[in-house]
Structure formats: structure tokens, C-alpha cells
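>>> generate a structure from the sequence data that follows.
(chains A and B)
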Amino acid sequence: MDLLNALTAFLNFIVVPGLAYGSQLALGALGITLIFSVLRFSNFAHGDTMAFGTAFVILFTWWFQSLGITAGPLPTALLALPLGILVTIAMVLATDRVVYRYYRKVRAKAIIVVIVSTGVMFVMNGLVRMIIGTSERNFSDGARMMLNPQDFKAWTGLAEPLAVKTTQAISVVAAVLCCAFLFWFLQKTRTGKSMRAYSDNEDLALLSGINPERVVTITWILAGALACIAGTLYGLDKSYRGIVYFSLLMPMFAAAVVGGLGSPLGAVIGSFIVAFSELIVTNAWRKIFGYLVPPDWLGDGLYQALSTDYKVAVSFSILILVLLFRPQGIFGGK
Amino acid sequence: MARYRNVLLFAGVAMLFILTGVFQSWNLSLNILNLALLSAIMAIGVNIQWGYAGLFSTGIVGSVALGGLAVALVSSKPVPEGWAAGGPQIVEALLFAALAIGLATWLYRRLKPGANRALALALYLVVAFFIYRAILDPAVTAVEANNPAQAGNIGGLGFNSLLAWPVGALMAAAAAWIIGKIALGLREDYLAIATLGIAEIIVQVLRNEDWLARGVKNLIDLPRPWPVPKEVDLQVDPFFLDTVRAIGADPVTASTIFVKLLYATMFGLVLLLLVWGCERALNSPWGRTVRAIRDNEISAAAMGKDVKFRHLQIFIIGSAVVGLAGAMLTSMEGQLTPPSYLPLRFTFLIWVMVIVGGSGNNWGAILGGLLIGWLYLAVEFLGPQMMAILTSGLPAGPLKDHLQDTAAHMRLLTLGVVLLLVLRFAPKGLIPEK
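Residues are numbered from 1 along each chain as shown, chains lettered A, B, ... in the order given. From the prediction side, this is the model:
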């Protein structure tokens, strides 16, 4: 029995990565849920919007690096992020103007707009491949570790290390800031209230003089900014490949559906449910169990429920469970 | 006029294949034709789901992959040592899992609702999962340890791969039944999201479960479907050689073209049979019910039509057709390569075919399949050629290299733009529904 080491290993392999991954998912799922509640369709292009924004953040990061501008211990990408956000917002607004606006005008069925969004996904994916290629791009710099595992071991004298990467800490901080801003915006400002009103009942909102195009524009600006931040944080944490963002769609959708499509708070909580379930199911528990029970009880299994290749199965199962038992999600939604 | 227009459209597509044959090579042209015919069959399957019933599935690639797996299981060479090492035990594990899930559903219905039921069932399922893994894992290790360089799988039944075609359809239908049961009857986006997930899981299973079909080590040398011979056998066949000599052709080229023509005939026959069946079904009371449901679910339900059941039925039929095409594809290629099952190639490309061709119209789906199938594969040789001409004026350097590299990615962009343009300006497609 070695509770402290077991706890440290648990923190190191589950809690810290789960918080970081959950934060990244939450920022993405918030965008999906915002678009769903105001524009009323599931945006399949959201993953590739993230990839698109991140591609530009990387380009700006390289430019800053070539100019010798860095952010000290923090990644330079944080300085490039505002520029990347602007490009992403410009892109999603242009997409809305050229593509989606027409379908709003003719009041097309939601499923048609979903198909349209897969077309947008193709275009964005093609653009990302052309701009930055398909190979892995590492653009993280600055201090790698916020809490160095060796230092931690030296301080505490424990056998198990605890590491916190700078990018993980930044992810959590960024998610907290973004959520705080978003909830303040939605609850307290006039624009935010008009967005919620429009999402609750379109006709009533129109009658009370809310300008629908303005609400839609603000929604795209928020979703674009969130997508760019989420994509950049994920890319910093796990190194960037334009094509992996497509596979983030499944966990993000699962997170949004678990919380209830259209509910921002639900999306955040859903993201952490998905992130922690993925880690708990795909983690090899042998090490942690090894501290809790005598080692010879364990045999030679890894105590891993599913290999990490089946990560997608976890978010899928969560989605299926929600669809079976509570299709409206934990927090209502639509 | 409309009649002539459709004939002209098909003639135009035929011209594309003929031009490819004349200017590139007939082998290439027939190769593209065979793949395009298979795409057309998949497009019919998707058209059944989308065009008839308005169901949007993003998991076409999963059905295709299941069809491919059927070929591997039915027609690949048996591996007796591998099977003996753990085959029966793997089957036992899978049966156990099925029973456990069946029992869970039965219990769920019998027990009183409440937190206790949820907790008890969750606990039961976790325990059942670990028992399942305890049965499965040693068997898998034993199978994969058997000659991993050449086998390492449970092997197939060694039947003719023609038999695998209907099996592929059945497997895809079974998967569609499960997913349809859960996701249909809710918001229509949920089907799109759920199918995206199940397709990814199926492809991951094919990639990672080496015992099943060797995973990314690929299963090669699958036998040809009856009656297609191998090119090398044809080249030594005296009758074939005499015939070829009489025409005055090169026996090697002639044999490859003969094989491809044979495939094209078989695929064409299946396609015609399917279209005949679909047209009959669409003009029957069943077809009218289905279209009535698509156009207005509420009024159809008010008329006493069981909307959810019809949707499930159509979802299964459409997936089965796609699974059939997936099995045909693998048996033509003679190998199962899991990394080739990309959603862009097998889900979204097929969607573009259906929408460009004309959703709701079988002939439209076929036209779209042939046209987009040709475009998609022709871009492979046309794109770099065009880029080479466009960049010929540029000095050699990184810019030129970059531009020539981007030609390969043009496909995605073009597909996306085509889809968006058609949806916006010609949502009914090239051959609109009557």
C-alpha cells in the first residue's frame, strides 16, 4: 500500500492530461453548441475550422520567430493567436456570407445545411493541406515543463513523478478565461441576451426587433475565435497535423450531445466527461494498482480496458448511451 | 427532350472513358470504369437512404469496410493452425458478449426504473466486459503468435469470393440495424453523428485486430471471384493465345484487358439488376409510402404509416447495397488494405456523386457515380500534367515544388466546391427526380 505514490500517478496520468484535453474539447464543443443553438445545424466543418485557424497561427508563429519575437517561457504561438483568430473569423464570416446565408434565407431543412457544412469541411481541409501540408508541424517553444518531473521527485521524495506541461496549464487557464468571458457575455450583455432569445424562439425574437443577421454574425465570430483557440491549444499540446482535427469531431459532438446540444454549460461539462472517460478507459492501470495491492496479486496484465487506438469508441459509446437514455442531454438542450 | 438530355448525359460520360482509352490507355480507362461502376453501386445505396428517405449517414465507409471484411473471412485461405490456436475461443468470447448484452437489455426492461437499476446494470456490464476480455485476450494472443510474418489471423473459409458478396451485404445490414435502432427516430443530425462514429470504429477494428484480417499488415492474395481467371493463367492458355493471335494483339495487354472487361460485365450486371429492383420498388406502394414519409413525416404518420420502422428498413437496405459494393471492390482488388478506407474517399465522395447526379433518381445516382468516379481518378493523372503545364514558365525552386505538391490536394478542394455549387445552384442534380 502506497497511497501517495498511487495518487501521484493518478494525477499524472489521468487528472492533469484529462483537465488539459477536456479544456481543449470544451472550447471546440462550445463552438459547435453555439452554432447549433443559433444557426440550428450540426457543423461538421468545425474540426477543419480548428485546423484552418491553427495553420495560420503556425504561420504567424514562424514569422514572429524569424523576427526574433518570443514570449519568453510561454509559447510564441500565444502572441500569434490573436492574428490567427482574426483570420479564422474572417474565414467563417466569408463562409457564412458565401455559403450559409442563402440557406437561412430560403429556410432550408437543417439536414441540408449539415450536408452543406460537409462541403465546407472539404474546402477547408483542402485549403489546410495546401497551406501547410499534411506532415507533422511542431510549433511549440518556450519552457516545455511548468512542473518538472525531476524537480517534483526531488521535492517530495516520491518514486512517482508528476509533470505538468506548460501547454497543459495554458489550456486549462485559456478554457477558464474563455468560458468566463462567454458566460458573462451570454448572461449579462444585451447582445448575449439577444443571442439567447433568438436561440430560444426565433419568431418571438424577430418580433421584439432583434436583428437576426447581427446575432448570426456574433455567433460566427465567437465560434471562429473559440475554434482557433481550441485548435491551437490542441496543436501545441499534441503537435500539429492538419488531418487529425477531423477525428476530433466525434469527441466534440459527443461532448455537445451529452450536455444537450445548444447548452453551453452542458458542452463544457460534457467535454470533461468525454475526456476523463477516454483516459480512464484507455489508461493502463497496472502502475497505479501496483501501489495499492501487493504486486504479486496482479499477474502480468496491463489492466487496460481498451487500447488507445479505440479512443473513438469511448466517445461513441457515451454518445450512444445518451441517445438511448436521455436524447435531450444532461442539461436539456433541443 | 428530357429523355434525350439524359441519353446525351450518359453518352458524354461514355465519351470521357473512350477519350481516356484513346489518349492514355485502355487498361487505365477500364480500371477507372470498374471503380466507377462500384462507386455507382455505392451511390445507389446512398441514394436509397438519402434520395428515398432523406436519411443522412456519414458512415458509408464503414459499410464498405464491412463488405471488404466479408471477403477476407469468406474467401481467404484457411489458416488451420491459427484457427486451432484460438479461433473457437474467440467465437465463444463474441457469443458471450452478445449474450451479455442481450441479457442486459432484457434485465433493463424487466427491472424497476430508478438509480438502483442503473447502478446494477452498469456494474453487471463492467464485470461482463472483464470476463469477455479474459476469454478473448489469451485466444487472440495465441492466434496472433501463429506465424505472424505470413498469417497471425484466424484465416478464412476459402470459398469463392463471389459468395462473399451477399455476405458483405448482410454484415453491413446487421451493423446498420444496430445503429439505426439507436439513432433513428431522434433528431436527424444524430444519425449523421452516430454513423460517423460507428464507421470510424469499424475501420479501427480492421486496422488493429490482427487476428481478424491481419490489420495493417494487409491481407493479400485473395482469390478471384468466379469466373474471372488470373492474367498469368490466361497468358499460357492455348485457346486464349490463338484468339489473341488471330486479332493480332499483344497477349499480355490482351489478358489484362480481358480480365477487366469481365469484371466490368459482372459489375454492370449487378448494377442493372439493382436499378431494375430499385425502379420497381420505387414505383410500388412501398415506394410511394417511403416518399410520402420523406416529404412530410407528420402527415404520413397521421395516415398510419410507421415512420421509424420504414426509416430503419431503408437505412438497412441502403447500407446492404453499399456493403455489397464494398465486397465486390475487395474481391476485385484481391487484397484487404485497412488504411485505404478513408472517409473522404468512401463517404463524402459517394455523397458528392449522389447529389451531383440527382438525389432520388436511380439513374442520376449512376450518372453521378460514373462521372465523379472518372473525375476523381482522372485528376490523378490530369492534375499533375496540368500543373506541370501551368508552372512550366516558373524557374525551378521551392515555389514550383510547392505548387506541384498542391496539385495532389486539389481533389478535396474541387470536390468540396462542386458539392457546394451543386447544392446551391442545382439542388436537384443532373437528372432530377420525376
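>>> and the gap between the closest residue to residue B:100 other than its chain neighbours and chain A?
Nearest non-adjacent residue to residue B:100, counting by C-beta to C-beta, 6 or more residues apart in numbering or on different chains: residue B:128, 4.0 Å away. Backbone N, C-alpha and C define where each C-beta goes, glycine included. Remark: distance between residue B:128 and chain A (C-beta to the nearest C-beta, to the nearest Å) = 12 Å.
>>> list the residues that contact residue B:86.
Residue B:86 makes contact with B:138, B:139, B:140, B:141, B:142, B:143, B:154, B:211 under the criterion C-beta atoms under 8 Å, 6 or more residues apart in numbering or on different chains.
>>> helix or strand for the fifth one, which one?
Under the assignment given by DSSP states H and E, the secondary-structure element containing residue B:142 is helix B:115-145.
>>> in the stretch 151-300 of chain A, which spans are helices?
Here the stretch 151-300 of chain A has its helices, by DSSP state H, counting those that start in this stretch, at A:166-188, A:190-200, A:202-207, A:212-238, A:245-259, A:264-282, A:286-292.
>>> actually the stretch 1-150 of chain B, not the one I wrote
Using DSSP H, counting those that start in this stretch, helices in the stretch 1-150 of chain B cover B:2-23, B:26-47, B:53, B:60-75, B:80-110, B:115-145.
>>> list the contacts for the residue in the stretch 201-334 of chain A that chain B sits nearest to?
Closest contact between the stretch 201-334 of chain A and chain B, by C-beta to the nearest C-beta, is at residue A:316 (3.6 Å). Residue A:316 is in contact with A:250, A:254, B:194, B:197, B:198, B:200, B:201, counting by C-beta under 8 Å, 6+ apart.
>>> quick one: list the elements packing against the helix or strand harbouring residue B:386.
Secondary structure assignment for residue B:386, by DSSP H and E: helix B:362-390. The contact analysis (3 or more C-beta pairs under 8 Å, 6 or more residues apart in numbering or on different chains; DSSP states H and E) places helix B:362-390 against helix B:2-23, helix B:26-47, helix B:251-282, helix B:349-357, helix B:398-425.
>>> of these, which is nearest residue A:27?
Among the helices and strands packed on helix B:362-390, the nearest to residue A:27 by C-beta to C-beta is helix B:398-425 (24.9 Å).
>>> pretty sure residue A:48 contacts residue A:126?
No: applying C-beta atoms under 8 Å, one finds residue A:48 not in contact with residue A:126, separated by 9.3 Å.
>>> which residues of the stretch 1-150 of chain A lie near chain B?
Contact residues (C-beta under 8 Å from any C-beta of the partner chain) of the stretch 1-150 of chain A with chain B: A:41-42, A:44, A:99, A:102, A:110-112, A:114-116, A:118-127, A:129-130, A:133.
>>> nearest spatial neighbour of residue 219, skipping sequence neighbours?
Using chain A. Distance criterion C-beta to C-beta, 6+ apart; nearest residue to residue A:219, sequence neighbours excluded, is residue A:38 at 4.3 Å.
>>> meant chain B actually
Spatial nearest neighbour of residue B:219, chain neighbours left out: residue B:336 (4.2 Å); criterion: C-beta to C-beta, 6+ apart.
>>> outline the domain layout of chain B.
As assigned by automatic domain parsing, chain B contains the domains B:2-78+B:155-389+B:401-425, B:88-154.
>>> tell me the contacts of residue B:205?
Going by C-beta under 8 Å, 6+ apart, residue B:205 touches residue B:212.
>>> switch the cut-off to 6 Å
Applying C-beta atoms under 6 Å, 6 or more residues apart in numbering or on different chains to residue B:205 gives no contacts.
>>> where in the stretch 1-150 of chain A is pLDDT low?
Within the stretch 1-150 of chain A, no stretch has pLDDT under 70.
>>> so where do the strands sit in it?
Here the stretch 1-150 of chain A has its strands, by DSSP state E, counting those that start in this stretch, at A:145-147.
>>> helices along that one, start to end?
Remark: helices assigned in the stretch 1-150 of chain A by DSSP H, counting those that start in this stretch are A:3-10, A:16-39, A:46-67, A:77-95, A:101-105, A:110-132, A:149-156.
>>> most tightly surrounded among the ones you listed?
Counting by mean count of other C-beta atoms under 10 Å in any protein chain shown, helix A:16-39 has the highest mean neighbour count of these, with a mean of 26.
>>> output the contacting helices and strands for that one.
If contacts are counted by 3 or more C-beta pairs under 6 Å, 6 or more residues apart in numbering or on different chains; DSSP states H and E, helix A:16-39 sits against helix A:166-188, helix A:212-238, helix A:245-259, helix A:264-282.
>>> mind listing what's buried in the first one?
Judged by neighbour count using 16 or more other C-beta atoms under 10 Å in any protein chain shown, the buried positions of helix A:166-188 are A:166-172, A:174-175, A:178-179, A:182, A:186.
>>> close to chain A: what parts of the stretch 1-150 of chain B are there?
Residues of the stretch 1-150 of chain B lying near chain A by C-beta under 6 Å from any C-beta of the partner chain: residue B:56.
>>> find the closest residue to chain A in the stretch 1-150 of chain B.
Using C-beta to the nearest C-beta, the single residue of the stretch 1-150 of chain B nearest to chain A is residue B:56, 5.2 Å away.
>>> list the residues that contact that residue.
Taking C-beta under 6 Å, 6+ apart as the test, what residue B:56 contacts is A:111, B:192.
>>> how about a cut-off of 8 Å?
Per C-beta under 8 Å, 6+ apart, neighbours of residue B:56: A:111, A:114, A:115, B:49, B:50, B:188, B:191, B:192.
>>> thinking again about what came up before, of the helices and strands packed on helix B:362-390, flag the one that's most buried.
Most buried of the helices and strands packed on helix B:362-390 by mean neighbour count (mean count of other C-beta under 10 Å) is helix B:349-357; its value is a mean of 27.
>>> what angle do that one and helix B:362-390 make?
Between helix B:349-357 and helix B:362-390, the angle comes out at 110 degrees (axes from the mean of the first three to the mean of the last three C-alpha atoms, to 10 degrees).
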